[in-house]
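*Asks:* coords please:
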Amino acid sequence: MTALQQNLTVLLPELILVVAGMVLLLAGAMQKNDRAMRTLSFLAGVAMGVAAYFVVMPLTGETRAFGGAFTADSFARFAKILILLGSSMTIVLSQGLFERENIARFEFPVLVIFATVGMLLMVSASSFLALYMGLELHSLAFYVLAAFNRESARSSEAGLKYFVLSALSSGILLYGISLIYGFTGTTGFAQVASVVKESGAPIGLIFGLVFLIAGLAFKVAAVPFHMWTPDVYEGSPTPITAFFSMAPKVAAMALFLRAVIVPFPHAVHEWQQVIITASVLSMILGSVAAIGQANIKRLMAYSTIGHMGYTLLGLAANSMAGVEGVLIYLTIYVVTNAGIFACILAMKRNGQMVETISDLSGLARTQPRLALAFAIFLFSLAGVPPLAGFFGKFYVFLAAIEAHLIWPAVIGVLASVIGCYYYLRIVKVMYFDEPAPAFDRDLGISLGATMAGASIFSVFFIVGAAPLLALAEYSAKALVP
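*Replies:* Okay, the predicted model is just below:
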């Protein structure tokens, strides 16, 4: 196989999506009717399915491209499938909503495709330059998506806040990369690891590592770089909020794992304490700050902050069990969030979306099936056994304990218990409060199917978990041999 063929093979899924995005952009520009978004969304879903096929087609082995800047291994394949699943679910959940709110534009599926390309590049990056390129490609699309509803002041505000703060974090990240390059003379992950092993970690390199972690912490909404999350989640259109909570979190966390564990295995003590601190603060803030929220989307923003804290605990463990726990957690998190945002999208009266928790009052008496699905997802996010969310937290905490991170694990358990309050409060509102006016009953096939599939996954995860556990263990070995 020639070098060119090898490069194209590694990046074939990304190239498929790039070509599909450009074709759909041209097709959308030439469409003369208002149903272009629905057609292009279907074609975007097909393109993602094709890309997913070429992601999993080489089931084993590790391949590198462009001088080792990009890597296709089992870890990257696992993360890419989750990203494509999250992006596809975003397109499914958006069907009908944008048309009802008169913001259906063909650019939406195109932006989702290009954001997905950036995320796929992120999880394959084995060089700090490749990391930055994928990160910025994904961010550029999200700047536009956050402000997609141009008629809404809240959406424009969300887009501006995300742009300004993300630009700041990108500058911090780039400064960290420049310091790492200055003290090691290379940007490749493997080469940086060799230099650190031979020469140790000077103070300048440690500063670069801290700046790198700070920039990546923004992307996963970890404390203290979480400030953009509640406003962007609340202001963005709900399908885009769902997108923010699924695929980008998988991509950013997978990138976090690779960019810290692979280049700095011999500087664990330098970065582990920073990760533990961010993890503990995220778990605590995500559990406490959500208690007083009245808007369901802001509550989900703080929930996301807390859940990213749990996944960072798996990273802090710096072990194969920790990486395996993170992959299991992310899988459960993506599916559960797809289900709960399908429920949130069903919160509409007379064709208008409502977002306050009080609007759910007495839902069990007006729409019992919707209330049941909502309750299943809330219990799963709370980590109540035997639902799927319990096992995500179990494997992360177990990895932390095996790595002797006892106090962070104890704090995580306590934060999880506190977090149960605001999840159970919503269940109490749905099942015990006086009924509010009923929601519209025309859920549509996409929302109904998403709720049903995610509910089955959450309830019966314990029965069919073995294949996922085995796949996560196999994928983790690519990162931590």
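*Asks:* Could you pull out the helices in the stretch 1-150 of the chain for me?
*Replies:* For the stretch 1-150 of the chain, the helices defined by DSSP state H, counting those that start in this stretch cover 3-10, 12-30, 36-56, 74-94, 97-100, 107-124, 128-146.
*Asks:* For A342, find the nearest of those.
*Replies:* helix 74-94 (6.0 Å; CB to CB). For the C-beta atoms, the positions are set from N, CA and C on the backbone; glycine is no exception.
*Asks:* helices and strands around the closest one, which ones?
*Replies:* helix 36-56, helix 107-124, helix 238-245, helix 247-261, helix 320-345, helix 445-464, helix 466-477 (3 or more CB pairs under 8 Å, 6 or more residues apart in numbering; DSSP states H and E).
*Asks:* Can you give me the neighbour number for Y53?
*Replies:* Burial measure for Y53: 11 neighbouring residues, criterion other CB atoms under 10 Å.
*Asks:* quick one: it and L84, what's the gap?
*Replies:* 10 Å (CB to CB, to the nearest Å).
*Asks:* what helix or strand is F439 on?
*Replies:* Here F439, judged by DSSP states H and E, is contained in no helix and no strand.
*Asks:* so who does it touch?
*Replies:* Neighbouring residues of F439 by CB atoms under 8 Å, 6 or more residues apart in numbering: 346-349, 354, 363, 366-367, 370.
*Asks:* ranking the residues you listed by neighbours, who comes first?
*Replies:* L363 (27 neighbours).
*Asks:* ok, now how distant is that one from L378?
*Replies:* Applying CB to CB, the value for L363 to L378 is 12 Å.
*Asks:* And A465, by the same measure?
*Replies:* 21 Å.
*Asks:* try F390
*Replies:* Counting by CB to CB, the gap from F390 to L378 is 13 Å.
*Asks:* Also M57?
*Replies:* 37 Å.
*Asks:* A465 and L378: which is more packed in?
*Replies:* L378 (24 against 15).
*Asks:* any idea which element that one lies in?
*Replies:* Going by DSSP H and E, L378 is part of helix 368-382.
*Asks:* mean confidence for the helix or strand following that helix?
*Replies:* Following helix 368-382 in sequence order, the next helix or strand is helix 388-402 (DSSP H and E). If you average the pLDDT over helix 388-402, you get 92.
*Asks:* tilt between helix 388-402 and helix 320-345?
*Replies:* Angle of helix 388-402 versus helix 320-345, following axes from the mean of the first three to the mean of the last three CA atoms, to 10 degrees, is 150 degrees.
*Asks:* Which parts of helix 388-402 count as buried, going by neighbours?
*Replies:* Of all the residues in helix 388-402, those buried under the rule 16 or more other CB atoms under 10 Å are 388-393, 395-400.
*Asks:* what mean pLDDT would you report for the helix or strand just after it?
*Replies:* Scanning forward in sequence from helix 388-402 by DSSP H and E, the next helix or strand is helix 406-432. In this model, helix 406-432 has a mean pLDDT of 91.
*Asks:* residue ranges with poor pLDDT in the stretch 101-250 of the chain?
*Replies:* 101-104 (pLDDT under 70).
*Asks:* longest helix of the protein?
*Replies:* In the chain, assigned by DSSP state H, the helix with the most residues is helix 153-184.
*Asks:* which other helices and strands contact that one?
*Replies:* When contacts are defined as 3+ CB pairs under 8 Å, 6+ apart, helix 153-184 sits against helix 128-146, helix 189-199, helix 203-219, helix 229-235.
*Asks:* so how far is that helix off the chain centroid?
*Replies:* Averaging C-alpha positions (CA atoms, centre = their mean, to the nearest Å) puts helix 153-184 18 Å from its chain's average.
*Asks:* Now do it against helix 189-199, angle only.
*Replies:* Using the same axes, to 10 degrees: helix 153-184 against helix 189-199 is 50 degrees.
*Asks:* Show me which parts of helix 153-184 are buried, residue by residue.
*Replies:* Result for helix 153-184 [16+ other CB under 10 Å]: buried residues 155-163, 165-166, 169-170, 172-177, 179-181, 183-184.
*Asks:* What of stretch 125-140?
*Replies:* 125-128, 130-140.
*Asks:* out of those residues, who's nearest M30?
*Replies:* Distances from M30 to the buried residues of stretch 125-140, taken by CB to CB, are shortest for L140, at 23.8 Å.
*Asks:* so how far is F225 from A251?
*Replies:* Applying CB to CB, the value for A251 to F225 is 16 Å.
*Asks:* Please say which of the two ends up with more neighbours.
*Replies:* Neighbour count, other CB under 10 Å: between A251 and F225, A251 has more, with 30 against 22.
*Asks:* what sits against that one?
*Replies:* Going by CB under 8 Å, 6+ apart, A251 touches 79, 83, 118-120, 122-123, 138.
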